[in-house]
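Chemist: Let me see the structure of the following:
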Amino acid sequence: MGCILLYFPVSALSDMNAISPEFLSVNTSKTHSFTLNQIIELTPRKYKLVTGKKMSLAQKISLKYLQHSINRKLKNGQPVDLQQVNQDIDATDFNFVGFLMGLFFSIFGVLIAYLIGERSKIKWSWVGFGFGAVILLLILIR
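Modeler: Below you'll find the model as predicted:
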């Protein structure tokens, strides 16, 4: 598992000041290994510059959720499994059933997902619950 230094064309140099040097050193395996600080500071734009892949909407939502959960764990003094976190970044684990459970059954859908015990269903039921809550608030405000 060696490290490589990514080469950027001259036109990309204007974007380089927004990226810290440690982002340029990545793992050459299929999944990229980021440090905890890199994950907290990671944006979809930085991810594309490092990996060469554009993040889908589901991956962007997953990244923001992951960053929020890491910050919450660090604030509470809980350990963070860096290997699992790195898998969660590259994973396109969108779970349609979990999302719909959270969207339509609200908190009960999230509880059902916990009973099922599948990680991606739990995560996406929370996202569906949040999406449904935002939509409900927008309807009530109107």
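Chemist: so who does the residue nearest the centre of the chain touch?
Modeler: For the chain, the residue nearest the mean C-alpha position is Leu63 (1.5 Å; Cα atoms, centre = their mean). The contact partners of Leu63, by Cβ atoms under 8 Å, 6 or more residues apart in numbering, come to Leu42, Pro44, Tyr47, Met55, Ile89. Every residue, glycine included, has its C-beta placed from N, CA and C.
Chemist: same thing with Lys53?
Modeler: By Cβ under 8 Å, 6+ apart, the neighbours of Lys53 are Tyr47.
Chemist: Now do the same for it: helix, strand or coil?
Modeler: coil (DSSP: H, G, I helix; E, B strand; the rest coil).
Chemist: Show me how the record splits the chain into domains.
Modeler: For the chain, the structural domains run 3-90, 96-141, going by automatic domain parsing.
Chemist: Which of those domains comes out lowest on mean pLDDT?
Modeler: Ranked by mean pLDDT, these bottom out at domain 3-90, with a mean of 68.
Chemist: Restricting the selection to alpha carbons, write stretch 131-142 to CSV.
Modeler: The C-alpha coordinates for stretch 131-142 follow below in CSV (Å, rounded to 0.1, in the frame of the first residue of the first chain):
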residue,chain,number,x,y,z
PHE,A,131,-36.1,14.7,4.9
GLY,A,132,-39.7,14.1,5.9
ALA,A,133,-39.4,16.4,8.9
VAL,A,134,-38.0,19.2,6.7
ILE,A,135,-40.9,18.8,4.2
LEU,A,136,-43.4,18.7,7.1
LEU,A,137,-41.9,21.9,8.5
LEU,A,138,-42.0,23.6,5.1
ILE,A,139,-45.7,22.7,4.7
LEU,A,140,-46.6,23.9,8.2
ILE,A,141,-44.7,27.2,7.7
ARG,A,142,-46.6,27.9,4.5
